[in-house]
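Peer 1: Predicted model and sequence follow; I will ask about them next.
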Amino acid sequence: MIKMDNIQKSFGSNHVLRGLDLEIEKGSSMVIIGGSGTGKSIALKCILGLVKQDSGTITVDGKDAAAGDRDAFLARFGMLFQGGALFDSLPVWQNVAFRLLRGSLKRPRDEAREIAVEKLRRVGLKPDVADRFPAELSGGMAKRVGLARAIAAEPEIIFFDEPTTGLDPIMSGVINELIREIVVEMGATAMTITHDMTSVRAIADNIAMLHDGIIQWTGPVSQMDNSGNPYLDQFIQGKADGPIEAVR
Amino acid sequence: MLSVLATIGRIAIFGIDAISHMLRPPFYGREFLSALLNIGWLSLPVVGLTAVFTGGALALQIYAGGSRFNAEAVVPQIVAVGMVRELGPVLVGLMIAARVTSSIAAEIATMKVTEQIDALVTLSTHPMKYLTVPRVLAAVLVVPLLVGVGDIIGVFGGYAVATGTLGFNPAGYIRNTVNFLEPLDVISSLTKGAVFGFAAATMGCFHGMNSGRGAMGVGRATKSAVEGAAVLILAANFVLTGVFFSL
């Protein structure tokens, strides 16, 4: 289980997180929603240690995320970045097998390539994509490669940062389905950040609504439409009027 | 003023951190070889052209200046000492700052703004070890070689101009060049190369890693890296010249 307790983070006078509390059950799929710039990505990066919170604690299975062997901790995670974050200088298969080519999970090169090709196949890409470079891929293909990289080392916990941003609705649907299938198949704990409500309904077991630096509402996705929470209602209905100030 | 001092301090800490990571595994051999190729082999054309034209111009200047007091004969000696002690290392250093520092800063800054550096961390790979150490180590090892090559080509440029247009005897020119140079000249030249290589690669990595957001951030990082590397190289040259030849 991932537990975030009273997380606060500011950048100068901009108080992004003001006491965020959140629990994500093992094996569940949590989706965090909220407007742009509300700190969703910062919350996720705090868990991974990419951004250090000003105060508050984060535990994973009861252990402090900031303590202990960092490599072993990170080896439990996979992450799909918003823009893919593929390494331009490496061919696709080496991107996917990055973790398997170095460090504690290192495998022989041939075996790492085989695993990469298998993961590419799992996300719907043919083996000939393996030798292309990221600059030669379309947006949808880059997302799939990013997804293949995120699952290549079979992590226990997978983070998805805006997985469908920039994709057409059909490709978004394909990526949503893939994420759902893979998370269920692997039994992984998933945490997704998005403001795409179609993704929310396709991916989530539970959702959390982040606004003003705190979680305004959290609960099962099945209760989302009848939550009675004015923030959540305004967000999912896309209304300009409500407690969330809309800048015109 | 305070912010300038803070930046100098941060660069110093970054440089020390890079050195400390050089001494501890893991080491990324492929990235190191790639950096050797990019910094060393691919810089040879620009280094060679810079050196040959500078050596030739130096010969013309010394001949013209020397003729004012009947000292035209010192062209081989002054070209040799000028190229090896000063112009070779400085011009190669500045060319490396222009070609390599800018490329390192732009590449790493782009990686930063596209979250590739965050991705490295999530893949249990330390960006300092994977990005900085191979580049800095390669520059420290290969820039002295480039300086050596630049010195030789620069002296050759002077030789070609002096024997081709100024009427110097080829054998005499070479004999005067070799006899005049001392081991300390060559040692100082290569040492400067190593220091300039460290400065150029470290500035590229530092500014790339600390880039701001977007295209403007990448542009600023690249500009700051080249400016910083050029100033650092010239300042280090002054200090090293003092250390080698004034003490």
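Peer 2: Now that the structure is in, tell me what you want to look at.

Peer 1: Would you map out the domains in chain A?
Peer 2: Per automatic domain parsing, the domain ranges recorded for chain A read A:28-53+A:67-76+A:157-248, A:88-154.

Peer 1: would a markdown table of these with mean neighbour count, distance to B:Gly65 and mean pLDDT be doable?
Peer 2: (Each C-beta comes from the backbone N, C-alpha and C, glycine too.) Listed next are the domains of chain A as a markdown table, based on neighbours: other Cβ atoms under 10 Å in any protein chain shown; distance: least, Cβ to Cβ, whole Å; pLDDT from 0 to 100:
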| stretch | mean neighbour count | distance to B:Gly65 | mean pLDDT |
| --- | --- | --- | --- |
| domain A:28-53+A:67-76+A:157-248 | 18 | 59 | 90 |
| domain A:88-154 | 19 | 49 | 92 |
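
Peer 1: Reformat those as a markdown table; add distance to chain B.
Peer 2: As requested, these are exported to a markdown table (distance: least, Cβ to the nearest Cβ, whole Å):
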| stretch | distance to chain B |
| --- | --- |
| domain A:28-53+A:67-76+A:157-248 | 5 |
| domain A:88-154 | 5 |
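
Peer 1: Let's check: the centremost residue of chain B is which one?
Peer 2: For chain B, the residue sitting closest to the mean C-alpha position, by Cα atoms, centre = their mean, is B:Gly93 at 2.3 Å.

Peer 1: sorry, back to before: can you check which of the domains of chain A gets nearest to B:Val161?
Peer 2: domain A:88-154 (41.8 Å; Cβ to Cβ).

Peer 1: neighbouring contacts of the top helix by length along chain A?
Peer 2: For chain A, the longest helix by residue count, based on DSSP state H, is helix A:169-186. Helix A:169-186 is contacted by residues A:29, A:122-124, A:139-140, A:143-144, A:147, A:151, A:154, A:158, A:160, A:163-164, A:167, A:188, A:190, A:192, A:196, A:198-199, A:202-203 when judged by Cβ atoms under 8 Å, 6 or more residues apart in numbering or on different chains.

Peer 1: May I have stretch A:196-204 as CSV, with CA atoms only?
Peer 2: What follows is stretch A:196-204, C-alpha atoms only, in CSV (Å, rounded to 0.1, in the frame of the first residue of the first chain):
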residue,chain,number,x,y,z
ASP,A,196,-9.4,12.8,-19.4
MET,A,197,-12.7,11.4,-17.9
THR,A,198,-12.9,8.6,-20.5
SER,A,199,-9.6,7.4,-19.1
VAL,A,200,-10.9,7.6,-15.6
ARG,A,201,-13.9,5.4,-16.3
ALA,A,202,-11.7,2.9,-18.2
ILE,A,203,-8.8,2.6,-15.9
ALA,A,204,-9.9,3.4,-12.3
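
Peer 1: Show me what that stretch is in contact with.
Peer 2: A:29-31, A:33, A:160, A:162-165, A:169, A:172-173, A:176-177, A:179-180, A:183, A:190, A:192, A:194, A:207, A:221, A:224, A:236.

Peer 1: If we use 6 Å, what do you get?
Peer 2: Here stretch A:196-204 makes contact (Cβ atoms under 6 Å, 6 or more residues apart in numbering or on different chains) with A:29, A:31, A:164, A:176, A:179-180, A:192, A:221, A:236.

Peer 1: out of those, which one sits closest to A:Leu101?
Peer 2: Of these, the one sitting nearest to A:Leu101 (Cβ to Cβ) turns out to be A:Ile179, at 24.8 Å.
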